[in-house]
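Participant: mind folding the following:
(one chain, ligands or ions: 3)
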Amino acid sequence: MPLHRLQIGRLLISRPVSLPRPHPVSLFQQSRRSFYGYINDSKMAPQLEPFFKQVDQLSDSFIDRLRKAVAIPSVSAQDESRPDVFRMGQFLASELEALGAHVEQRPLGKQPGKEHLELPPVIVARYGNDPAKRTILVYGHYDVQPALKEDGWATEPFELTIDDKGRMYGRGSTDDKGPVLGWLNVIEAHKKAGLELPVNLLCCFEGMEEYGSEGLDDFIQAEAQKFFKDADAVCISDNYWLGTEKPCLTYGLRGCNYYSISVSGPAQDLHSGVFGGSAHEPMTDLVTVLSKLVDSQGNILIPGIMDLVEPLTEEEKSLYPGISYSMDNLHESLGSETGIHATKERTLMARWRYPSLSIHGIEGAFSAPGAKTVIPAKVIGKFSIRTVPNMESPDVNKLVFDYIKAEFAKLNSKNTLDVWLQHDGKWWVASPKHWNFSAASKAVTQVFGVEPDMTREGGSIPVTLTFEQATGKNVLLLPMGSSTDAAHSINEKLDKRNYIEGTKLLGAYLHYVAEEPMNA
Ligand SMILES: C[C@H](N)C(=O)N[C@@H](Cc1c[nH]cn1)C(=O)O
Ligand SMILES: [Zn+2]
Ligand SMILES: [Zn+2]
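Facilitator: Ligands and ions are numbered 1, 2, ... in the order given. Have a look, this model is predicted:
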């Protein structure tokens, strides 16, 4: 049996678990095509067929709901967009209320370090309050990454644009407005089909995830035994399939430590013809320091970082060959053949179980088209480290700060360097041996006619571990989007098929949750 990491509080132990048993191939063979996917005739829970039909009938209005959501540029990282983040929270609250949910908008106070800004509210909702039913807590986020047409988008980023292949382009379509609206669609389809939701649903939708989930940890801890006290399990739909055809269930995430390095010197920007060669240039110092962080093969150059990484065991190694993933999948989602590693196994390990360091940008640098001959007076470099078991944030920070200061000292520059942590989010690895995962696995098989892969994810959802620890319940990641969705990038999209069949998947999951034996 494979060994899996089980996280209990902050303790990690390894123990043998068996992954969910494969479903018989015959289920797949008995499937017939529905509008976008499969209807599995053989083992369908009786309420699923009318629910699926209703989802197909409502698909245009579900797409309209996504269009309205994408049109609100709820960018959490831009101060000037904060009113739009609030507007998006209000949109969600109104939609949920119209569906008959009990909704509360919970304030989180001022943004730490930016006290002139109010944090957007957490939208919590309850739909159903039947003590005889299980209660599922779902989490998602209604903020998005920044997007400008001039970044290279082929369409307006905040206008949902659908092409002839059913690809729905727009910022937040896959990350995470589509999946969040999927839960609302599930409620609506049940209501319109005259079906009862098979579980009670609790929602927790936040507006600061793309900025490190400011304020949410404390909120979850405070509400674990209040608003969230009835939760039997947690489900998060906010990551992606490994390819474009096969869904997955996810039991691990990397963490993220996000840093800034500022270098300053001159009192103001300078003319490079007048001062070039006679003044220490902040940009030169910054790019030199940045160049010492990671090499072009992805190796982190900060001494000691790799020593914190849990060694690869033979048991873990044996999991990778069985995952449905190929170098072609990588190249398709990269849109190029620029992967570092030669094999799928090493590529997946680089994404799931090894740390990485990415350099994101430089604030204050000249970045417009043209040829401005300026020497910037102050520049701030941004980079992040994706963390993995057993990297603890304080240990990582110490290694990063000491190394950067030492490298800067070697430059003999009279400029001033400062380095700080902007935010950190913890990695998470759990056991998929739980009824929450079994229910999701059955739902995938029902809707898509294929068993899901069990995956980890390279991205971060900082509050996943907090939900697990605060509620003491199992957390499942159930992605809706595919590997080609380009989350965080230009031309982010969600395929209609993933949105509509994904809505069926979320609903089917709730039905199978209701059927799972209590002690499974
Ligand atoms: C996986 C999720 N959809 C996501 O995009 N998470 C962000 C979270 C984050 C961490 N620091 C800032 N944002 C990510 O992985 O980048
Ligand atoms: Zn994101
Ligand atoms: Zn997200």
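
Participant: where does the closest residue to ligand 1 within the stretch 351-500 of the chain land in three-state SS?
Facilitator: Relative to ligand 1, the nearest point of the stretch 351-500 of the chain is G459 (3.2 Å; CB to the nearest ligand atom). (C-beta placed from N, C-alpha, C; glycine too.) Here G459 takes the coil state, with states given by DSSP: H, G, I helix; E, B strand; the rest coil.

Participant: dump the residue contacts of it.
Facilitator: Each residue near G459 by CB atoms under 8 Å, 6 or more residues apart in numbering is listed here: 239, 253-254, 386, 487.

Participant: filter these down to the ones near ligand 1?
Facilitator: 239, 487 (CB under 6 Å from any ligand atom).

Participant: what sits against the residue in the stretch 51-200 of the chain positioned nearest to ligand 1?
Facilitator: Relative to ligand 1, the nearest point of the stretch 51-200 of the chain is D175 (4.7 Å; CB to the nearest ligand atom). Counting by CB under 8 Å, 6+ apart, D175 makes contact with 144-145, 238, 481, 485, 487-488, 492.

Participant: what's the domain layout of the protein?
Facilitator: Following automatic domain parsing, the chain resolves into domains at 40-253+427-515, 255-309+355-425.

Participant: briefly note if the first one comes near ligand 3.
Facilitator: Yes. Using CB under 5 Å from the ion as the criterion, contacts between domain 40-253+427-515 and ligand 3 involve 175-176, 238.

Participant: endpoints of stretch 453-465, how far apart?
Facilitator: End-to-end distance for stretch 453-465, by CA to CA, to the nearest Å: 21 Å.

Participant: show me which parts of it are buried, residue by residue.
Facilitator: Across stretch 453-465, burial judged by 16 or more other CB atoms under 10 Å covers 453-465.

Participant: next one: stretch 497-517
Facilitator: Quick answer for stretch 497-517 (16+ other CB under 10 Å): 497-514, 516.

Participant: could you do stretch 284-299 as well?
Facilitator: 285-287, 289-290, 293-294.

Participant: picking up where we left off before, strands - which of the contacts of G459 land there?
Facilitator: Among the contacts of G459, the members falling in strands are 253, 386 (criterion: DSSP state E).

Participant: right, and out of the contacts of G459, which lies closest to A69?
Facilitator: Closest approach to A69 among these (CB to CB): A487, at 15.3 Å.

Participant: what sits against the closest one?
Facilitator: 145, 174-175, 240, 459, 481.

Participant: would you list the residues you listed in a markdown table and tack on pLDDT?
Facilitator: Converted to a markdown table, those look like this (pLDDT from 0 to 100):
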| residue | pLDDT |
| --- | --- |
| Q145 | 98 |
| T174 | 98 |
| D175 | 98 |
| Y240 | 96 |
| G459 | 96 |
| G481 | 98 |
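
Participant: so can I have a markdown table of those showing distance to S356?
Facilitator: Listed next are the contacts of A487 as a markdown table, based on distance: CB to CB, whole Å:
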| residue | distance to S356 |
| --- | --- |
| Q145 | 18 |
| T174 | 21 |
| D175 | 19 |
| Y240 | 17 |
| G459 | 11 |
| G481 | 21 |
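
Participant: show me the residues you listed that map onto helices.
Facilitator: Among the contacts of A487, no member falls in helices (DSSP state H).

Participant: just give me the closest of the residues you listed to ligand 3.
Facilitator: Set against ligand 3, the nearest of those by CB to the ion is D175 (4.2 Å).
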